[in-house]
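Trainee: Give me a 3D structure for the following:
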Amino acid sequence: MITSAVTGVENQVWGQIKHYYEINAWFPKNIVFVNLKAFEALKPATQQAVVKAAQEAEARGWAMSQEVASGSTSELKAKGMKVDRIPADFEMELKRMGEKFSREWVRSVGNEANNIFVPYYIQR
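Mentor: Okay, the predicted model is just below:
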C-alpha cells in the first residue's frame, strides 16, 4: 500500500499494517491561477500586494503541510506502527524511476514541458 501519513491516519491503517516507510513520494498541493491580462491591468502597488500575499500564502501552506505530515507520522507511531525511512538503495531506485517517468513525459509533451521541470529542479 502506498499512502501518505495523513491518509494513513484518516484510514486508521494501524489495524491492518504494522510498518510505515517514509518515502515522501508526494505532498498535496493547491495552485491558484491568475488571469495575466487582469493581473497586468492592476496598478503596480496592487500587483505587488497580490504577489506578496501569494508568497506569504505559499510559505504558510508549505509549513502547514509539513506540520500535518509530521503530526500524522507521530500519530502512526503512537498507534503502534513502526515508522522508518526506506533503505538508501531503494530510495535511489525510486528517484531513478521518477526521473525516467519525467523524461518520458517531457518527450511526449515537447520542449515546453521544460518550462515546468527546469525551475522545479533549480529550486531543489
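Trainee: Let me know the pLDDT of Tyr120.
Mentor: Tyr120 carries a pLDDT value of 68.
Trainee: now do Lys52
Mentor: In this model, Lys52 is scored at 97, pLDDT.
Trainee: Gly61 too?
Mentor: If you check Gly61, the pLDDT there is 89.
Trainee: From Val32, how far out is it?
Mentor: The gap separating Gly61 from Val32 is 10 Å, by Cβ to Cβ, to the nearest Å. C-beta coordinates here come from the backbone N, C-alpha and C atoms, glycine included.
Trainee: Which one's more surrounded, these two?
Mentor: Taking other Cβ atoms under 10 Å, Gly61 and Val32 do not tie; Gly61 has more neighbours (14 against 7).
Trainee: and the gap between the more buried one and Glu67?
Mentor: The value you get for Gly61 to Glu67, if Cβ to Cβ is used, is 11 Å.
Trainee: same check, this time on Val32
Mentor: Separation of Val32 from Glu67 (Cβ to Cβ) stands at 21 Å.
Trainee: In this protein, where's the longest helix?
Mentor: Longest helix of the chain, by residue count under DSSP state H: helix 44-78.
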